[in-house]
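Trainee: have a look at this prediction, sequence included:
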Amino acid sequence: MKFSTLLRHFREGAKNILRNGWMSFASMSSIFISLFILGIFILLAVNVNSMADQIESRVQIRVFLQTTVEEAKVTELQNKIGNIQEVSKVTFVSKEDGLAILRESMGEENGDWLEGYNNENNPLPISFTIEVYDPQTVDDVAAQIQAINDADETGPIYRIKYGQGTVEMLFKVTNAVRNIGFGIVIGLAVTAMLLISNTIKMTIINRRREIGIMKLVGATNAFIRWPFFVEGAMIGFISSALTTGAVLFGYSKIISLTQLDMSLMLISLVPIKEIGWLTAGLILVIGTLIGMLGSTISIRKYLKV
Amino acid sequence: MIEMHDIWKTYADGTHALRGVSVRIDRNEFVYLVGPSGAGKSTFMKLIYREEIPTKGQISVNGFNIGKLKPRKIPYVRRNIGVIFQDFRLLPKLTVYENVAFAMEVIEAPRRIIKKRTMEVLELVGLKHKHASVPSQLSGGEQQRVSIARAIVNNPSVIVADEPTGNLDPETSLGIMNLLEEINFRGSTIVMATHNRDIVNSMRKRVIAIEDGNIVRDEARGEYGYEV
């Protein structure tokens, strides 16, 4: 295609958008809304993921031993647990360490509760802190540790503790957000596509006379189709560019507003510079694709040549 | 140039528009197509510019087998055929110049040639001075001249005109006919469907009469009429 022809197609496409003022506006608004929600879901998904990661990294198993367990047994157990395939690290927590950890986790205000306890009268058992490679295997690893205990007639383990249920719950939430988001976005994308296709259909109907003359004097099909294709793509691109701006602007506002509250909960939102490009890229590409597909549908359906 | 051999055309609703038409129109001929409304004149013309394809039979235009033409070749065949309608079919928002240049732009003719050729053709149809007007500012005859200019701007070898004077008064019609004769004189084949008895009788050309899908008369220098 000649460059001047390409320019003409873009000029015509832009003209069509202006001529169809309200229809273009309607489909742009629809794309804007769809992509805006898509943007929210992208950011939500990325953030839920990152939060899941942040919480997951804190998921660990704690194994408390009977107070009567001998030192040799402790080492044996530590080795056995360390040999479980899914386990990445086993940390021995002595009575003293246990007391220090407990003190810390209770905070200064409630620290009084533990006052009077020292290394002599420490009531805490020896324990292990176990980390696993994949948080989803926590359940399984806990069961395996229980099996080790059951196989040993002395029953050296007093208690195995881990966030039973929390991890599963977290994954369910993450998956649900992903699936629901995906579903909604697909639905909205289809709606936006149909709206664009409808806009292009209007253009084609409005310009039926012109198209008829073009065919009559021997314009090629590609030449006739291009401006409509460009129109759809432009509607998609312009509205997705606007959406990108709105979504990222909104996100940066949310980040600055919630920074304080969130850090109190020990989690943080993914910074904009980390997901800004991804979000912008996805929205722009999907928006433009929606436009192109929408116009293609109508071109195929209403532009019989 | 245009050859039809045993052409049948039956539309989807069962109408038999043409029933076994065979005819040959040579290069540079001027042919009137006469016959009552619904006789098949328009179908005859639509077959030439491949708006329709025959149900049965063979038609070739400028050496192209129209019935078997690949869709992507259609535009190139049409570039050699100019079509003129009773209702002009101009684009109302474009100026006279733009309406004519449009036909060259859409086949991607070079810009400098478009300007030169468009003005040339507007001069031929006598509307150079109105090149900046829009169709609504023109009389019917002038609008038809613009549509003729558009039909001939790409130098087609065949001009198909479907009742070009149908909406015009006798005097204006005469002007249009003189213009078509001039175009024919310059080398284009012209096939013109008409109901205008005076025109056919005053400008003696070949007359093909169609009635009920059949050619009932074909005379080299005929008169108007199709009654058997």
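Mentor: Everything's here; your move. Note that the structure is predicted; figures quoted are calculated from it, not measured.
Trainee: OK, contacts around A:Pro123?
Mentor: Counting by Cβ atoms under 8 Å, 6 or more residues apart in numbering or on different chains, A:Pro123 makes contact with A:Tyr117. (Glycine included, C-beta is placed from N, CA and C.)
Trainee: look up phi and psi at it.
Mentor: phi -90, psi 0 (degrees, to the nearest 10).
Trainee: report pLDDT for it.
Mentor: At A:Pro123, the model reports a pLDDT of 76.
Trainee: B:Val228 now?
Mentor: Model confidence at B:Val228, given as pLDDT, is 51.
Trainee: cool, B:Tyr76 as well?
Mentor: Reading off the model, B:Tyr76 has pLDDT 90.
Trainee: give me the neighbour count for it.
Mentor: Neighbour count for B:Tyr76, taken as other Cβ atoms under 10 Å in any protein chain shown: 13.
Trainee: which elements pack onto the host helix or strand of A:Met28?
Mentor: Using DSSP states H and E, A:Met28 falls within helix A:21-56. Judged by 3 or more Cβ pairs under 8 Å, 6 or more residues apart in numbering or on different chains; DSSP states H and E, helix A:21-56 is in contact with helix A:166-206, helix A:221-264, helix A:272-302.
Trainee: okay, those in a markdown table with distance to chain B and mean pLDDT next?
Mentor: Shown next, in a markdown table, are the helices and strands packed on helix A:21-56 (distance: least, Cβ to the nearest Cβ, whole Å; pLDDT from 0 to 100):
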| stretch | distance to chain B | mean pLDDT |
| --- | --- | --- |
| helix A:166-206 | 11 | 79 |
| helix A:221-264 | 6 | 84 |
| helix A:272-302 | 14 | 86 |
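Trainee: ranges for the strands of chain B?
Mentor: B:2-10, B:16-25, B:30-34, B:56-61, B:64-65, B:81-84, B:158-162, B:189-193, B:206-211, B:214-219 (DSSP state E).
Trainee: tabulate those (a markdown table), appending mean pLDDT and mean neighbour count.
Mentor: Putting those into a markdown table (pLDDT from 0 to 100; neighbours: other Cβ atoms under 10 Å in any protein chain shown) gives the following:
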| stretch | mean pLDDT | mean neighbour count |
| --- | --- | --- |
| strand B:2-10 | 94 | 19 |
| strand B:16-25 | 93 | 18 |
| strand B:30-34 | 94 | 23 |
| strand B:56-61 | 93 | 19 |
| strand B:64-65 | 92 | 14 |
| strand B:81-84 | 93 | 25 |
| strand B:158-162 | 94 | 24 |
| strand B:189-193 | 95 | 24 |
| strand B:206-211 | 94 | 22 |
| strand B:214-219 | 90 | 16 |
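Trainee: so for A:Thr137, which of these sits nearest?
Mentor: With Cβ to Cβ as the criterion, A:Thr137 lies closest to strand B:64-65 of the strands of chain B, at 72.2 Å.
Trainee: check the offset of the closest one from the chain's centre.
Mentor: Offset of strand B:64-65 from its chain centre (Cα atoms, centre = their mean, to the nearest Å): 18 Å.
Trainee: how much space between the closest residue to chain B within the stretch 1-150 of chain A and A:Thr203?
Mentor: Going by Cβ to the nearest Cβ, chain B is nearest to A:Thr5 of the stretch 1-150 of chain A, at 5.6 Å. Distance check for A:Thr5 against A:Thr203: by Cβ to Cβ, to the nearest Å, it reads 19 Å.
Trainee: so for those two, which sits in the more crowded spot?
Mentor: Per other Cβ under 10 Å, whichever of A:Thr5 and A:Thr203 has more neighbours is A:Thr203, with 26 against 15.
Trainee: surely that one meets A:Phe229?
Mentor: No. A:Thr203 is not in contact with A:Phe229 according to Cβ atoms under 8 Å; the separation is 11.1 Å.
Trainee: for the spatially most central residue of chain B, give me its contacts.
Mentor: For chain B, the residue nearest the mean C-alpha position is B:Val160 (1.6 Å; Cα atoms, centre = their mean). By Cβ under 8 Å, 6+ apart, B:Val160 lies in contact with B:Met45, B:Ile48, B:Tyr49, B:Ile81, B:Gly82, B:Val83, B:Ile84, B:Val191, B:Met192.
Trainee: can you pull the contacts of the nearest residue to B:Ile7 once chain neighbours are set aside?
Mentor: Of all residues not flanking B:Ile7 in the chain, B:Gly57 sits nearest, at 3.8 Å (Cβ to Cβ, 6 or more residues apart in numbering or on different chains). Taking Cβ under 8 Å, 6+ apart, we find B:Gly57 in contact with B:Met4, B:His5, B:Asp6, B:Ile7, B:Trp8, B:Gly20, B:Val21, B:Ser22, B:Gly67.
Trainee: and those, which is closest to chain A?
Mentor: Proximity to chain A was ranked across those by Cβ to the nearest Cβ; first place goes to B:Gly67, at 17.4 Å.
Trainee: that closest one and B:Val83: what is the separation?
Mentor: Distance from B:Gly67 to B:Val83, by Cβ to Cβ: 19 Å.
Trainee: can you check A:Ala143 too?
Mentor: In terms of Cβ to Cβ, A:Ala143 sits 83 Å off from B:Val83.
Trainee: then A:Ile238?
Mentor: Taken as Cβ to Cβ, the span from A:Ile238 to B:Val83 is 38 Å.
Trainee: give me the outermost residue of chain B relative to its centroid.
Mentor: Farthest-from-centroid check, chain B (Cα atoms, centre = their mean): B:Arg112, 27.3 Å.
Trainee: residue contacts, the residue nearest the centre of chain A?
Mentor: The residue lying closest to the centre of chain A (Cα atoms, centre = their mean) is A:Ala45, at 2.1 Å. Contact analysis of A:Ala45 by Cβ under 8 Å, 6+ apart lists A:Val177, A:Arg178, A:Gly181.
Trainee: quick one: buried residues of the longest helix belonging to chain B?
Mentor: Counting residues, the longest helix found in chain B (DSSP state H) is helix B:170-185. Using 16 or more other Cβ atoms under 10 Å in any protein chain shown as the test for burial, helix B:170-185 gives B:Thr172, B:Ser173, B:Leu174, B:Gly175, B:Ile176, B:Met177, B:Leu179, B:Leu180, B:Ile183, B:Asn184.
Trainee: pLDDT weak spots in chain B?
Mentor: B:227-228 (pLDDT under 70).
Trainee: contact residues of it facing chain A?
Mentor: B:49, B:71-72, B:74-80, B:82-83, B:89, B:91, B:102-103, B:105-108, B:111, B:150, B:154 (Cβ under 8 Å from any Cβ of the partner chain).
Trainee: hmm, 10 Å instead?
Mentor: B:49-51, B:71-72, B:74-83, B:85, B:89-94, B:99, B:102-108, B:110-111, B:147, B:150-151, B:153-154, B:156, B:160 (Cβ under 10 Å from any Cβ of the partner chain).
Trainee: list phi and psi for B:Asp26.
Mentor: Torsion angles, degrees, to the nearest 10, at B:Asp26: phi -80, psi 170.
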